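Chemist: Need a 3D model of the sequence below.
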Amino acid sequence: MEESLITKFKQALYGNQLDAMQTLLSQSTVRESVNRIELKYGQPAIAAATSVEMAQLLMRHGADPVLAGRWWKPGFNVISRVQPQVGRWLVEQGVELSPHAAAGMGLTDKLQQMLDGDPDVVHALGGDGTTPLHFARDVQTAQLLVDRGAELDALDDDHESTPAQWLVADAPEVTKFLLDIGAAPDIFLAAALGDRKRCQQLIDASDGHCLSQRVGKDPFFPIGHNAKGGTILQWTLGFNSYAHQFAAAKGQADLFEFLWAASDVTTRFLVACGWPNAQKLNQSDNPIRILSPSWMKPICNCPPSIAGKQT
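Modeler: The predicted model follows:
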């Protein structure tokens, strides 16, 4: 199918433009390709529909709903790329539903039925050896899984990361809920959530060491460590970054300054150097601009030896 038609198809699909999609599907070339059009993460078009009406339209013109069940079975990207009402409708059409996909769509009634039928479903392994809790879309879903015995700090096989770490980008309210009921915290999660109290607790417990930790450095390993994928925080928050940078990226200026003030000069230097546009500190979109002049002095007076220090 021509690239121009693929572009129009994606625009109609993601924009829920039913009339435009109907026009496109009137062409045999589009109908014959409806199950083969490449979308992000390999998602089939019918699973990417943003309304039940769009899913119905695609199905009437040859979209295979079975492909949706195959795609969402591992649980990956369901939270961010499947509309719950569309997922529910597809399940009602007979599409297979895994516990991980049910959790990702927040279909708690379906998930509860699975758990009632087999309590061990709460520990079932999905993509990368994840549990359903790794994909909980909302607090209600997470609460159901926790009540049924889900392990708060279960580690997946590839990233060796917890549900709280997996969910911090797509469902931060779930990450907060899990931390509040006892899941293991880390300085990156606390900073991304804007949780100053938890940051302070972690700083006190580690004598400030946690502030020098960086995503991609032991114990938050990079891609390739032990031939695995490295911490999931690389994808959910960012690669090669410090907690300060996550706080700033989330617009938490006060928390950024708090973390900055508690950091040693080496960490401050590395944080300042870590911005993509660190050489343009006056750019309006550069979070480093939130620093007051007093916090910049240690960088300006930083010993030359720090620049060459292995970190």
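
Chemist: Check the gap between residue 119 and residue 70 for me.
Modeler: 26 Å (C-beta to C-beta, to the nearest Å). C-beta: built from backbone N, CA, C; applies to glycine.

Chemist: same check, this time on residue 26
Modeler: Applying C-beta to C-beta to residue 26 and residue 70 gives a distance of 28 Å.

Chemist: Neighbour count: those two, which is higher?
Modeler: Using other C-beta atoms under 10 Å as the criterion, residue 26 and residue 70 rank with residue 70 on top: 14 against 10.

Chemist: That one is in what secondary structure piece?
Modeler: helix 66-72 (DSSP states H and E).

Chemist: buried residues in that helix?
Modeler: 67-69, 71-72 (16 or more other C-beta atoms under 10 Å).

Chemist: Which residues does that helix contact?
Modeler: With contacts defined as C-beta atoms under 8 Å, 6 or more residues apart in numbering, helix 66-72 is touched by 35, 42-44, 46-47, 78, 82, 87, 90, 95-98, 100-101, 104-105.

Chemist: How much space separates the closest residue to residue 99 other than its chain neighbours from residue 117?
Modeler: Using C-beta to C-beta, 6 or more residues apart in numbering and skipping residues adjacent in sequence, the residue nearest residue 99 is residue 132, 4.5 Å away. Distance from residue 132 to residue 117, counting by C-beta to C-beta: 14 Å.

Chemist: between these two, who's got more neighbours?
Modeler: Between residue 132 and residue 117, counting by other C-beta under 10 Å, residue 132 is the more crowded of the two (31 against 8).

Chemist: Would you mind pulling the contact partners of the next helix or strand after the helix holding residue 70?
Modeler: Going down the chain from helix 66-72, the next helix or strand is helix 78-81, by DSSP H and E. Here helix 78-81 makes contact (C-beta under 8 Å, 6+ apart) with 40-41, 43, 47-48, 72, 87, 100-101, 104-105, 135, 137, 167, 170-171.

Chemist: Just the CA trace of helix 78-81, in PDB.
Modeler: The C-alpha trace of helix 78-81 is given here as PDB (Å, rounded to 0.1, in the frame of the first residue of the first chain):
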ATOM      1  CA  VAL A  78      -1.700  -2.000  26.800                       C
ATOM      2  CA  ILE A  79      -2.100   0.800  29.300                       C
ATOM      3  CA  SER A  80      -1.000   3.500  26.800                       C
ATOM      4  CA  ARG A  81      -2.300   2.100  23.500                       C
END
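
Chemist: Using neighbour counts, pick out the buried residues of that helix.
Modeler: Per 16+ other C-beta under 10 Å, helix 78-81 contains these buried residues: 78-79, 81.

Chemist: cool, and stretch 224-241?
Modeler: 228-238, 241.

Chemist: tell me how far the ends of it are from each other?
Modeler: 17 Å (C-alpha to C-alpha, to the nearest Å).

Chemist: Can you get me the start-to-end distance on stretch 99-113?
Modeler: End residues of stretch 99-113 are separated by 10 Å (C-alpha to C-alpha).

Chemist: which residues of the stretch 1-150 of the chain fall in helices?
Modeler: Here the stretch 1-150 of the chain has its helices, by DSSP state H, counting those that start in this stretch, at 3-14, 18-25, 28-33, 45-48, 52-60, 66-72, 78-81, 84-92, 99-105, 108-117, 139-147.

Chemist: Who are the packing partners of the fourth one?
Modeler: Of the remaining helices and strands, those touching helix 45-48 by 3 or more C-beta pairs under 8 Å, 6 or more residues apart in numbering; DSSP states H and E are helix 3-14, helix 52-60, helix 66-72, helix 84-92.
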